[in-house]
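Asks: Sequence below, structure please.
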Amino acid sequence: MKPRIGVLTSGGDCPGLNAVLRGVALAAEKLNFEVLGFLDGFEGLLPPGRFIELNRRSTSGIMPRGGTIIGTTNRGHFVAKIGAGDRAEVAPEIIEDARRMLNEHRVEALIIVGGDGSMTTALQLHEAGINCIGVPKTIDNDLEATAMTFGFDSAVAAVTDALDRLHTTATSHKRVMVLEVMGRHAGWIALHGGIAGGAHIILIPEIPFDYDKICEALTMRDVRGSIYSLVVVAEGAKPCHGQVVMQPNEGGEYRMGGIGHVVAGEIAVRSGRETRCTVLGHLQRGGAPTTLDRILGTRFGVKAVRLVSERQYGSMVSYQNYQVRHVPIADAVNRLRLVPPEGELIQTARDVEISFGD
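Replies: Now for the predicted structure:
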């Protein structure tokens, strides 16, 4: 019988996941492995196990598709992280259930595709003796152990496209248009998308902003003859001495979001300008992956299979200096890669007269 490896996608969906699955399936076939794709994230590991076989036929044509053909979830029995840096242990009996199921189906190693929370769970499974390989995934691009994650480029493309469209309506109505984008703890999406889309003000979590400074930047644009302005704000941005804006959801929990409407309201009141807000939301996660994310996802999937074949368990795929390498999962979790406030990209933005509200 052929040796088997498993793969699952966990946490939020993003463009490029299917490219990873295709890369895993084709690279595994070349090494004479069978691949089981577990459905709906870690939940598919619970007995009796829910999976499909991933091979050349089942992954044919999936690379241009967004999302993941094996489903995902950020809820359930395996959630091992709450917020930023707060780890909650997966119950030992759940891990044992997963172990028995993997053994029953002859799965020798498990490739786990996910963000920081999923890597925290992967680390706990590895510590419990389950052979795991991590593949980093987040549109926020905020994992310290890798220079880039797939899905980020596609999210930035969505923000850039939205700003291109907002330019025309902002100009027509002489308005200030505020665009709220994702980015709970790191402002990479807002920064890259804002620069590419020609935003005039970018508000990110790493640089607390002042409403008076925002209005000063808008007034300066008026003095220079500009009749409109575009403001990009990450959902985790907050004013000086202020708090992150949270919104209740249907489960009684609170999630970041709503800062765009708050900023738009403050600008309207303080400056007297007609201001509108657009929340891009989950549009940033959907649609076909960009060329870069298709290539990066494929490279990550192939590298994960190579790590399995080399028995480099407990490792996470990492992109550094244009090369796909690997690092210990333990060195990757709970380490967010934030935008350096004095970094080159921030300075570049300032040099083209983008304000950060500070």
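Asks: if you count residues, which strand in the chain comes out on top?
Replies: strand 107-114 (DSSP state E).
Asks: May I have the strands that pair with that strand, each with its orientation?
Replies: Paired neighbours of strand 107-114 in the sheet (DSSP bridges): strand 4-9 (parallel), strand 132-136 (parallel).
Asks: Please compute how far the shortest one lies from its chain's middle.
Replies: What it means is strand 132-136. Chain-centre distance of strand 132-136: 15 Å, with Cα atoms, centre = their mean, to the nearest Å.
Asks: Could you point out the helix or strand that follows that strand?
Replies: helix 152-173 (DSSP states H and E).
Asks: Show me what that following helix is packed against.
Replies: For helix 152-173, the packing partners by 3 or more Cβ pairs under 8 Å, 6 or more residues apart in numbering; DSSP states H and E come out as strand 176-181, helix 188-196, strand 229-234, helix 291-309. Placement of C-beta: from N, CA and C, glycine included.
Asks: can you map out the helices along the protein?
Replies: 17-30, 92-104, 116-127, 152-173, 188-196, 211-223, 259-271, 291-309, 344-351 (DSSP state H).
Asks: do you know which of these lies nearest R75?
Replies: Nearest to R75 among those is helix 116-127 (10.9 Å), distances taken as Cβ to Cβ.
Asks: Quick one: mean pLDDT over the closest one.
Replies: In this model, helix 116-127 has an average pLDDT of 92.
Asks: Over to stretch 346-358?
Replies: 96.
Asks: So which residues make contact with the longest strand of the chain?
Replies: 3-11, 17, 20, 24, 36, 41-42, 45, 102, 118-119, 121-122, 125, 130-137, 304-305, 308, 313 (Cβ atoms under 8 Å, 6 or more residues apart in numbering).
Asks: Using neighbour counts, trim the residues you listed to the buried set.
Replies: Neighbour counting by 16 or more other Cβ atoms under 10 Å classes 4-11, 17, 20, 24, 36, 41-42, 45, 102, 118-119, 121-122, 125, 130-137, 304-305, 308, 313 among the contacts of strand 107-114 as buried.
Asks: so how many other residues sit close to G193?
Replies: Residues lying near G193 (other Cβ atoms under 10 Å) number 29.
Asks: In space, what's closest to it - neighbours in sequence excluded?
Replies: V159 (2.9 Å; Cβ to Cβ, 6 or more residues apart in numbering).
Asks: what separates the longest strand of the chain from the chain centre, distance-wise?
Replies: Distance, centroid of strand 107-114 to centroid of chain: 19 Å (Cα atoms, centre = their mean).
Asks: the inter-axis angle of it versus helix 291-309?
Replies: 150 degrees (axes from the mean of the first three to the mean of the last three Cα atoms, to 10 degrees).
Asks: how far away is the residue nearest to G193 from R285?
Replies: 12 Å (Cβ to Cβ, to the nearest Å).
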